[in-house]
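Enquirer: Any chance you could fold what I've pasted below:
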Amino acid sequence: MAIRIALIGYGEVGGIFGADLLRAGAAALAAYDIKLDDPRFAPALRAKAQAAGVRLAASAADAASGCDLVVSAVTADAVLAVAEGLAPHLAPGQIFFDVNSASPETKKAAARAVEASGADYVEGAVMAPITGPRLAVPILAGGPKAAAAADLLNALGMRLRPVSDVHGRASAMKLCRSIMIKGIEALMLDCARAAAAFDVEAEVYASLEDTFPGVDFAKLAQTMAGRVRQHGVRRAAEMREAADMVADLGLDPALVRAVAAAQARGAASALPSEPQERAVRA
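Expert: Numbers count the residues shown, from 1 in each chain. I've put the predicted structure just below:
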């Protein structure tokens, strides 16, 4: 079945999905991004869309009109606003696939808004960086129509795995994992910066490697610094959602909020042992 797809959000995830879904045989694909209204970003977005053969829509409602499936790939703080804003323009038979990193409660609220229109809501939790696997990145899917969405999209080369017919569980799985992964990154960066300030990096990394054999901590620090610089803003927003999730459980979110702050700091800085990159950013 050739399906018509709309992308709301045409950043890294939307751009990769758009290009790959068209190549895989989607009948039509339209995209909308709020940055199209900003002259600082619009030219690059238009060039990317033209190269991929993606039609840029005048609005989210325009993109979604007549499509079979809407993919929401926006920032964490825009998840609910996008779902609520688009809901009046959705219709029965359409699937709204929300792949954003948001708390279970945010996903549940988005689901209520979408389902009030008669459309179906499926939550998605992207479980790995998208740049390598691209369209085949593993995604957990949740909600009553998760299996239906998986059937449609897996036929085009995606890797959706339905995990629950209850909204929020897929997001909980993703965010609990993210607390660990992003938390390790935050600890690694602070450890590396402090060690560099005292000029004891080699000794600290050697000691860590005695405790964790087989791990090259100098390389790990550089790799994690690069990831945080590139994705820290988005990951900080994700960690704020994770902190909300923890708070909703009645647990203390202070540590997760600290991880969010560390990711945000790291997005704008380099390790002390990276003078060239730090100079470029100064």
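Enquirer: C-alpha only now, for contacts and for neighbours.
Expert: Fine.
Enquirer: Where does pLDDT dip in the protein?
Expert: The chain contains residues with pLDDT under 70 at 1, 270-282.
Enquirer: Now do residue 211: how many residues are near it, please.
Expert: If you count neighbours by other C-alpha atoms under 10 Å, residue 211 ends up with 10.
Enquirer: And for the one 3 residues further on?
Expert: The local packing of residue 214 (other C-alpha under 10 Å) involves 8 other residues.
Enquirer: SS state for it?
Expert: What DSSP: H, G, I helix; E, B strand; the rest coil gives for residue 214 is coil.
Enquirer: can you map out the helices along the stretch 1-150 of the chain?
Expert: Using DSSP state H, counting those that start in this stretch, the helices assigned to the stretch 1-150 of the chain run over residues 12-24, 42-52, 60-64, 79-86, 104-115, 146-154.
Enquirer: Now tabulate those in CSV and tack on distance to residue 262.
Expert: Shown next, in CSV, are the helices of the stretch 1-150 of the chain (distance: least, C-alpha to C-alpha, whole Å):
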stretch, distance to residue 262
helix 12-24, 22
helix 42-52, 29
helix 60-64, 33
helix 79-86, 23
helix 104-115, 23
helix 146-154, 34
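Enquirer: how about those helices, which one is nearest residue 180?
Expert: Across the helices of the stretch 1-150 of the chain, residue 180 has its closest neighbour in helix 104-115 (17.3 Å, C-alpha to C-alpha).
Enquirer: picking that back up, tell me which of the helices of the stretch 1-150 of the chain approaches residue 127 most closely.
Expert: Of those, nearest to residue 127 by C-alpha to C-alpha is helix 12-24, at 12.7 Å.
Enquirer: rewinding a little: nearest to residue 254, of the helices of the stretch 1-150 of the chain?
Expert: helix 104-115 (18.6 Å).
Enquirer: Could you tell me the angle between the closest one and helix 79-86?
Expert: Relative orientation of helix 104-115 versus helix 79-86 (axes from the mean of the first three to the mean of the last three C-alpha atoms, to 10 degrees): 10 degrees.
Enquirer: Pull out the buried positions in helix 104-115.
Expert: 104, 105, 106, 107, 108, 109, 110, 111, 112, 113, 114, 115 (16 or more other C-alpha atoms under 10 Å).
Enquirer: same thing with stretch 141-160?
Expert: Residues of stretch 141-160 classed as buried by neighbour count (16+ other C-alpha under 10 Å): 141-147, 149-150, 152-153, 156-160.
Enquirer: May I have that stretch exported as PDB, CA atoms only?
Expert: Provided in PDB are the C-alpha atoms of stretch 141-160 (Å, rounded to 0.1, in the frame of the first residue of the first chain):
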ATOM      1  CA  ALA A 141       5.600   2.000  19.400                       C
ATOM      2  CA  GLY A 142       2.700   2.300  21.800                       C
ATOM      3  CA  GLY A 143      -1.100   2.700  21.700                       C
ATOM      4  CA  PRO A 144      -4.100   0.800  20.400                       C
ATOM      5  CA  LYS A 145      -3.000   1.400  16.800                       C
ATOM      6  CA  ALA A 146       0.700   0.700  17.300                       C
ATOM      7  CA  ALA A 147       0.600  -2.600  15.400                       C
ATOM      8  CA  ALA A 148      -1.300  -0.900  12.500                       C
ATOM      9  CA  ALA A 149       1.300   1.800  12.300                       C
ATOM     10  CA  ALA A 150       4.100  -0.800  12.400                       C
ATOM     11  CA  ASP A 151       2.600  -2.700   9.500                       C
ATOM     12  CA  LEU A 152       2.400   0.500   7.400                       C
ATOM     13  CA  LEU A 153       5.900   1.800   8.200                       C
ATOM     14  CA  ASN A 154       7.900  -1.400   8.500                       C
ATOM     15  CA  ALA A 155       6.800  -2.100   4.900                       C
ATOM     16  CA  LEU A 156       8.800   1.000   4.000                       C
ATOM     17  CA  GLY A 157      11.900   0.000   5.800                       C
ATOM     18  CA  MET A 158      11.300   1.400   9.300                       C
ATOM     19  CA  ARG A 159      11.800  -0.700  12.500                       C
ATOM     20  CA  LEU A 160       8.800  -0.100  14.700                       C
END
